[in-house]
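Q: here is the input, now give the coordinates:
(2 chains)
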Amino acid sequence: MAKQTRRGFLKQTSVGVATIGVLSTLPTLAVVSESEAPAVTSAAETELSAAVLSEPMVAHVRDLSTGEISLLLGTREIFFRDPELVVRLLRAAR
Amino acid sequence: MSSHREAPEISKDPVADSTDLYAFVNTDQSDTVTLIANYVPLEEPAGGPNFYEFGDDVLYEIHIDNDQDALAEITYQFRFQTHTRNPDSFLYNTGPITSLSSTNWNRPQFYSVTRVDTSGTTVLASNVPCPPCNIGPRSTPNYQQLAGAAITNLPGGGRVFAGQRAEGFYVDLGSIFDLADLRPFQNLHLIPTPAQPGVNGTQGYNVHSIAIQVPKTHLTSDGSNPTNESDPRSVIGVWTTASRRKATILQSNGDHVESGPFVQVSRLGDPLINEVIIALGDKDRWNGQQPSGDSQFAHYYAHPELAKLLPILYPGVFPHLAAYGKPRADLEAILLTGIPSGIIKGFQNFTGTTQADMLRLNMAIPPSSNPNILGILGGDLAGFPNGRRVFDDIVAVELRAVAGVTISLVDSTFNPDGAASVINDFSPPAIPSGVRYEQQFPYLGVPFGGYESRPHPGA
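A: Numbering: from 1, shown residues only, chains lettered A, B, ... in the order given. Below you'll find the model as predicted:
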């Protein structure tokens, strides 16, 4: 499972995970910035939930040391930090 | 080539590789501007069974700056969708394709056209058919009529076409990339050989064209009809880009999924810039940048590598160019800001002081009924670098400019070498025989057919 998902990432990816269902963790994360749309609102989250069901969501761990993650969803890119999640991903990749 | 395979990364991604960009006013529709962005370089016409298509996963765009800030006030977006009618056949067509709706065509492609401007986003047309590729007389009989049916009128004026066309750009590729051993000047080269005529390296190849013709009033900043060449509102800057989603995940069933925002992977304004001016180490990055940030590349224009090479490769032929050590203000003006008023009588295509690679068109200059393929260098103000027409000999024009013939426009102390005004890759500068154009939209010629293809005779 871990090997299959790593293979699909962009060339510059250090560690990444393609997944669906991560959305449920979003409210607990510190959103650093977003490349296109304004900050996530409750209404937007509801909309995103529907979107997640029909398309993949890609998480790109940009920096292992800081836990900075880029979340790709639709045509949006959201940056946040979650070192604990990165640690769990690294464990899963072993 | 103009911009075919011009950078390492995009050379591996043909459907997103912009090859040529044209912007011009034509005599048959002089109240309109035609914009053509070509993609998919060097299509060998017989290259089946999977013939050439636009990328369904590529966002193609043509951008227009109309207020001198090197930013796009208007963008036309093109998105494609391809269907497979019969997945149980390996064939592109299972019989003659006699209409765009023919069920014999197994891989029809459709597209949408969207205009994005300061008032918002407007879908101008959707589910517009492309023509098939030109396969041969049995598969695509009456090709001109078949492709003509794919010309689609747009609401509010204008029309659009997207599909295969004959390559209209001509260049002696073999000589230029063999240490600029320009035919017919081989006898003057550092490694001399007998002089021979030029060879059109793109002869017989096709490309995929996105062509849109719109009223001039749709492009000016205030909706006015440009009639005064000295009015800044008459000038637009044009460039094309191709973008892909940030992440692609390949799946073992042959499918793939994509996610994230679009990332620009290709761009093109003036011809030959990323090809010849920008150095190898910056080419891929250049493709991802916006024109408004091009001052970071200005040093390549100020001291172009080719201008240093010509005196070395042609000993004794370019002594004045060899001795000229000043920054090339002529190239910076022509290619990065446009030519201001007062340099060339009756002409300007200045787009402000922001250095940016854009194809600049003064829409108030009337089209020439007797065009010169050397454009402004040939005394024809309606030709390159005032926009670019499909037949303009941009290789000869830029070779001569780099060789120093335009330095005297900005530096009266410079006397161009005699060779600078005659150098080119064909002699005399002429459209090579066999290159196809049309007199009407979309102006690029009917594509060469696979059945008629005779690649590299005598090789």
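Q: biggest strand in chain B by residues?
A: Identified as the longest strand of chain B according to DSSP state E is strand B:235-250.
Q: export it to CSV, keeping only CA atoms.
A: This file holds the C-alpha atoms of strand B:235-250, laid out as CSV (Å, rounded to 0.1, in the frame of the first residue of the first chain):
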residue,chain,number,x,y,z
VAL,B,235,-1.4,47.8,-29.0
ILE,B,236,-2.0,44.4,-27.4
GLY,B,237,0.6,42.0,-26.0
VAL,B,238,-0.2,38.3,-26.6
TRP,B,239,1.2,35.0,-25.2
THR,B,240,0.0,31.5,-24.9
THR,B,241,0.5,29.0,-22.1
ALA,B,242,-0.2,25.4,-21.4
SER,B,243,-0.8,24.1,-17.8
ARG,B,244,-1.1,20.8,-16.1
ARG,B,245,-2.6,19.8,-12.8
LYS,B,246,0.0,19.8,-10.0
ALA,B,247,-0.3,16.1,-9.2
THR,B,248,-0.7,13.1,-11.5
ILE,B,249,-1.0,9.6,-10.1
LEU,B,250,-0.5,6.8,-12.6
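Q: buried sites along it?
A: By neighbour count on 16 or more other Cβ atoms under 10 Å in any protein chain shown, the buried set for strand B:235-250 is B:235-249. Where C-beta positions appear, they are placed from N, C-alpha and C, glycine not excepted.
Q: among those residues, which are in reach of chain A?
A: Counting by Cβ under 8 Å from any Cβ of the partner chain, B:245-249 from the buried residues of strand B:235-250 sit close to chain A.
Q: between those, which is nearest B:Ala70?
A: B:Lys246 (24.7 Å; Cβ to Cβ).
Q: the one helix or strand B:Val257 maps to close to chain A?
A: Element membership for B:Val257 (DSSP states H and E) is strand B:256-268. Yes: shown here: strand B:256-268 in contact with chain A (Cβ under 8 Å from any Cβ) through B:257, B:259-262.
Q: tally of neighbours for B:Arg85?
A: Neighbours of B:Arg85 under the rule other Cβ atoms under 10 Å in any protein chain shown: 14.
Q: find the nearest non-adjacent residue to it, please.
A: The shortest distance from B:Arg85 to any non-neighbouring residue, by Cβ to Cβ, 6 or more residues apart in numbering or on different chains, is to B:Asn106 (5.1 Å).
Q: in stretch B:315-329, what's buried?
A: Here stretch B:315-329 shows B:317-318, B:320-322, B:324, B:328 as buried, counting by 16+ other Cβ under 10 Å.
Q: same list, these, but only the ones touching chain A.
A: Okay, of the buried residues of stretch B:315-329, nothing touches chain A (Cβ under 8 Å from any Cβ).
Q: picking that back up, I'd like the ones next to chain A among the buried residues of strand B:235-250 as JSON lines, with pLDDT and distance to B:Leu381 appended.
A: Formatted as JSON lines, those follow (pLDDT from 0 to 100; distance: Cβ to Cβ, whole Å):
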{"residue": "B:Arg245", "pLDDT": "96", "distance to B:Leu381": "42"}
{"residue": "B:Lys246", "pLDDT": "96", "distance to B:Leu381": "43"}
{"residue": "B:Ala247", "pLDDT": "95", "distance to B:Leu381": "47"}
{"residue": "B:Thr248", "pLDDT": "94", "distance to B:Leu381": "45"}
{"residue": "B:Ile249", "pLDDT": "93", "distance to B:Leu381": "51"}
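Q: which pair in those residues spans the largest distance?
A: Every pair of these checked by Cβ to Cβ; the farthest is B:Lys246 and B:Ile249, at 11.3 Å.
Q: how near is the residue nearest to B:Arg85 to B:Pro129?
A: 14 Å (Cβ to Cβ, to the nearest Å).
Q: so for these two, which residue has more residues nearby?
A: Each of B:Asn106 and B:Pro129 has its neighbours counted (other Cβ under 10 Å); B:Asn106 has more, 22 against 18.
Q: ok, now which ones touch that one?
A: By Cβ atoms under 8 Å, 6 or more residues apart in numbering or on different chains, the contact set of B:Asn106 is B:84-86, B:89, B:91-94.
Q: and B:Ile373, what element?
A: Per DSSP H and E, B:Ile373 falls between elements, in no helix or strand.
Q: burial check on it, number of neighbours?
A: Counted with other Cβ under 10 Å, residues neighbouring B:Ile373 total 20.
Q: report pLDDT for the residue nearest to it when sequence neighbours are not counted.
A: Using Cβ to Cβ, 6+ apart and skipping the chain neighbours, the partner closest in space to B:Ile373 is B:Asp393 (4.3 Å). According to the prediction, B:Asp393 has pLDDT 97.
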